[in-house]
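Chemist: let me see the structure of the following:
(chains A and B)
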There are 2 protein chains.
Amino acid sequence: MPETLTGPVEVVGAGLLGTSIALALRQAGVEVLLSDTSNEHLRTASGLGAGRSRVDGDRPQLVVVAVPPDLLAPVIADALARTAETPGAVVTDVGSVKTAPLAALAGAPALSRYVGSHPMAGSERSGPLAASAALFDGRPWAVTPHPEAAPGVVAVVEELARLCGAVVVRLTPEEHDRAVARISHVPHLLAALVAGRLAEAPADHLALSGQGVRDVTRVAAGNPSLYGQIVAGNAAAVEELLVEVRSDLDRLIDAVAEGDRPGLESLLTQGVAGTRAIPGKHGGPARPTRPVFVSVPDHAGELARLFADAGESGVNIEDVHIDHDPGRPVGLVELVVEESRAEHLLVSLESRGWVTHR
Amino acid sequence: MPETLTGPVEVVGAGLLGTSIALALRQAGVEVLLSDTSNEHLRTASGLGAGRSRVDGDRPQLVVVAVPPDLLAPVIADALARTAETPGAVVTDVGSVKTAPLAALAGAPALSRYVGSHPMAGSERSGPLAASAALFDGRPWAVTPHPEAAPGVVAVVEELARLCGAVVVRLTPEEHDRAVARISHVPHLLAALVAGRLAEAPADHLALSGQGVRDVTRVAAGNPSLYGQIVAGNAAAVEELLVEVRSDLDRLIDAVAEGDRPGLESLLTQGVAGTRAIPGKHGGPARPTRPVFVSVPDHAGELARLFADAGESGVNIEDVHIDHDPGRPVGLVELVVEESRAEHLLVSLESRGWVTHR
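Modeler: Here you go, the predicted model:
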């Protein structure tokens, strides 16, 4: 069985993830075949340059199943059946849960040709129009071999992740599901509970909303049907963590009710430790960065002038935040740069007349 | 009593908020006197141009108390006593809770000269070095008159908020505390519980962390002692909401455990409604904007070139997001512009060779 990915690759499901994978593969020169129950998605994805529609007689080397969680098992089984005649054909999926679909596939013929995977990238937006070949660049992409999976099959799926620019993280399906319960599903559910308390609030209370509550609740804007499928598909791991959260919440309520400051601070301190446990973006140690703050008038061309001047300094800008208030006369721009280059950037900008905040 | 703010203004507490207020007032030409128990903060704030240290004999028109919640009541009482001889002198504070300090002040002489307030701006950072005159631009600033407050006193405090560039939201102290419990304190506490579950997670689970969990937990990095004071100072309103959240959490756990999809989706749908209830940034209707996505190579000068080209198009860029991954070869930059100008920007950038994502 070939361990390199030469194509063609069939992508089943031309939504945000499927179309983004297709675009990334096309950019890498791999032929892509698209299928979707929605003709509109198919036409849109093709129009974006994501590949051509699959026709009878196509013999993909790899089928990537990118459909909602409830449909994963039957669509994977169908892909295995359709590729039974193609020597070395591999099937993967990019669903958010891994053990439940695998359990549903138990006993399916040719299961050794299937390995699940899960790129940790997405958006509150959905559909092919939100797709981007760059969606996976530098992101973790879990690859989750089961005991029957052939090593060559795992290699092909890992090659897919790398061709899309992602960083492979190999986990068992069970470990994967426990991990995403903690770092994705439970945060989503708790954000939804916080947001749920806002729906009935008086307007003059909500008028006080700042950036904090916007950040905490952002993910809760995601599609309820899709997230319902994801959570239901990972029920055991999610329930276990939610019960732990409930026990912390009980302790928290007691501490607030009894004015128990040490108890309250200990829960808050545990939270601080958690924010520090999140690793650098590539899963490795974070490269030390430092923010540089600059005041910028809010009219056309001023940001351009700032970035031109920053560019002149030769310092690479790794991230930018603008204080989120359209219409204010002066904005505060935060330029995130490598720590060792921050002082040089500050001096360089100040020499060009910019007001920095040290 | 004069209803305009002419100064001098004394700022007690040269931390993030106090120094930012002082800088904004200095920019508006108002004389600022600083006091702080930390000489280092005082020197730093003065060095930033935030004003001079207060000396005996100074007669401020307005004292702004910007100290941690536990110290609010005694420092406000002291400010009222110190200004007893100054005709028309006003005292306010910028603390995160309003009813508890007021209750502690009950019966204090000259309470009619005090009105509480609370700017909805801050940072995970603290101290005068993190201060900015632009911190309050366009932000809500709650002003919370109590029944004994003189109307002229309220007018002076509202003038302070406006001089700092903020938008005044008038609420009773009780309404304010219920509002911030919902849109600030409870989101912070739930973010801390989510983050708390990360502290003990295996490293290969945390390696899958994406932007979602980073956003949900960001505020939980704040100082536990300060947030402990804030939450303890607003215990009644916080406890009431936390009990509601616990009831939702119980329903959620049941729905997950029993595979009750409609129950699960109804909680998620309530969350979506909550994210939509958060108003536009000025408390009024949001100006319609649209994101424009552009691929940008990750090396020095490329962002500069993009912003220069965007500037040439004459379209004002209101916000920028860069996909948060230092070190990836190509980043996806999101330029947020007024909806009616987005197409013009896209065409203009494409004509200059940029790869946009429509």
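Chemist: the stretch 251-358 of chain A: helices as residue ranges?
Modeler: Secondary structure of the stretch 251-358 of chain A by DSSP state H, counting those that start in this stretch: the helices cover A:261-277, A:302-312, A:342-351.
Chemist: tabulate the ones you listed (JSON lines), appending mean neighbour count and distance to chain B.
Modeler: Yep, even glycine has a C-beta here, placed from its N, CA and C like the rest. Listed next are the helices of the stretch 251-358 of chain A as JSON lines, based on neighbours: other Cβ atoms under 10 Å in any protein chain shown; distance: least, Cβ to the nearest Cβ, whole Å:
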{"stretch": "helix A:261-277", "mean neighbour count": "19", "distance to chain B": "3"}
{"stretch": "helix A:302-312", "mean neighbour count": "21", "distance to chain B": "3"}
{"stretch": "helix A:342-351", "mean neighbour count": "16", "distance to chain B": "11"}
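Chemist: could I get those helices as CSV with mean pLDDT?
Modeler: Output for the helices of the stretch 251-358 of chain A, formatted as CSV (pLDDT from 0 to 100):
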stretch, mean pLDDT
helix A:261-277, 95
helix A:302-312, 78
helix A:342-351, 91
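Chemist: dump the residue contacts of residue A:355.
Modeler: Residue A:355 is in contact with A:294, A:295, counting by Cβ atoms under 8 Å, 6 or more residues apart in numbering or on different chains.
Chemist: quick one: mean pLDDT for stretch A:161-178?
Modeler: For stretch A:161-178, mean pLDDT rounds to 96.
Chemist: off-centre distance for it?
Modeler: 12 Å (Cα atoms, centre = their mean, to the nearest Å).
Chemist: ends of it, how far apart?
Modeler: 21 Å (Cα to Cα, to the nearest Å).
Chemist: so for it, what gets flagged as buried?
Modeler: By neighbour count on 16 or more other Cβ atoms under 10 Å in any protein chain shown, the buried set for stretch A:161-178 is A:161, A:163-169, A:171, A:173, A:175-178.
Chemist: is chain B within reach of that stretch?
Modeler: Yes: looking at stretch A:161-178 against chain B by Cβ under 8 Å from any Cβ of the partner chain, the contacts come from A:165, A:169, A:171, A:175, A:176, A:178.
Chemist: secondary structure and distance to residue B:157 added to the residues you listed, as a markdown table?
Modeler: Putting the residues of stretch A:161-178 next to chain B into a markdown table (DSSP: H, G, I helix; E, B strand; the rest coil; distance: Cβ to Cβ, whole Å) gives the following:
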| residue | secondary structure | distance to residue B:157 |
| --- | --- | --- |
| A:165 | coil | 53 |
| A:169 | strand | 53 |
| A:171 | coil | 56 |
| A:175 | helix | 56 |
| A:176 | helix | 54 |
| A:178 | helix | 52 |
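Chemist: of all these, which two lie farthest apart?
Modeler: Using Cβ to Cβ, the residues of stretch A:161-178 next to chain B span at most 26.2 Å, a distance reached by A:165 and A:178.
Chemist: near chain B at all, the lowest-mean-pLDDT helix or strand in chain A?
Modeler: Least confident helix or strand, chain A: strand A:317-322 with a mean of 73, by mean pLDDT, DSSP states H and E. Yes: against chain B, strand A:317-322 shows contacts by Cβ under 8 Å from any Cβ at A:317, A:318, A:319, A:320, A:321, A:322.
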